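A.B. asks: Next comes the sequence, and after it the predicted model I'd like to discuss.
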Amino acid sequence: MSMDPTQDVHDETAAADGAHDPLEALRAEVEQLKAQSLIERADLENQRKRLARDIDMARKFANERLLSDLLPVFDSLDAGLAAAGEADALRHGLELTYKQLLKVAADNGMEVLDPTGAPFNPEHHQAISQGESEGVAPGHVITVFQKGYVLNGRLLRPALVIVARHD
């Protein structure tokens, strides 16, 4: 030790600063770890939400391919009903089969688009022609050649339609 009193004061200050530096470093490290932990928790929560959304979408549209493959069956039943006689036993059987098939499809989230008389909607209808028609407003569907179908809000097939001509 020296006899200089100012030297002792500098040594004590340096020792005190040295004691604070490791403590401050540890506090900063703890804060950094807390922030990192919050970020990781947020990432896990976002991942959980994304996985839940993906599972929900998979569940909603799991039957999309099957129902799309059944659309020609719906078309055939429609054609059969149009060709069958009014009070025919065959017609009655076709109607029952068609209603059962529609119920199964509806229970799985499918809706039929039969827009006769409705305004033309390019998101759900495909216009194949325009025509003249008495009593139908311009831009509205006159005839439906092929019904469209929607599965849980997603278009499976647009309705093929003829639209009233604008004058």
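C.D. replies: Yes, it's here.

A.B. asks: From here on, just use CA atoms for contacts and neighbour counts.
C.D. replies: Will do.

A.B. asks: How much space separates the most centrally placed residue in the chain from residue 105?
C.D. replies: With the centre of the chain defined as its mean C-alpha position, the nearest residue by Cα atoms, centre = their mean is residue 57, 6.3 Å away. For residue 57, the distance to residue 105 under the criterion Cα to Cα, to the nearest Å works out to 17 Å.

A.B. asks: for the residue lying closest to residue 148 once chain neighbours are set aside, what are its contacts?
C.D. replies: Sequence neighbours aside, residue 159 is the residue nearest to residue 148 in space, at 3.8 Å (criterion: Cα to Cα, 6 or more residues apart in numbering). Remark: with contacts taken as Cα atoms under 8 Å, 6 or more residues apart in numbering, residue 159 is in contact with 113, 114, 115, 124, 125, 126, 144, 145, 146, 147, 148, 149.

A.B. asks: chain center to stretch 136-152: distance?
C.D. replies: On the basis of Cα atoms, centre = their mean, to the nearest Å, stretch 136-152 is displaced by 23 Å from the centre of the chain it belongs to.

A.B. asks: Over to it now: how far is its first residue from its last?
C.D. replies: Distance between the boundary residues of stretch 136-152 (Cα to Cα) amounts to 30 Å.

A.B. asks: in that stretch, what counts as buried?
C.D. replies: Taking 16 or more other Cα atoms under 10 Å as the basis for neighbour counts, the residues of stretch 136-152 that come out buried are 136-144, 146-152.

A.B. asks: what is the rounded mean pLDDT of stretch 101-117?
C.D. replies: In this model, stretch 101-117 has a mean pLDDT of 92.

A.B. asks: List the contacts of that stretch.
C.D. replies: Applying Cα under 8 Å, 6+ apart, the contact partners of stretch 101-117 are 60, 63, 67, 124, 136, 140-144, 147-152, 158-159.

A.B. asks: in that stretch, what counts as buried?
C.D. replies: Using 16+ other Cα under 10 Å as the burial criterion, the residues of stretch 101-117 that qualify are 101-102, 105, 108-117.
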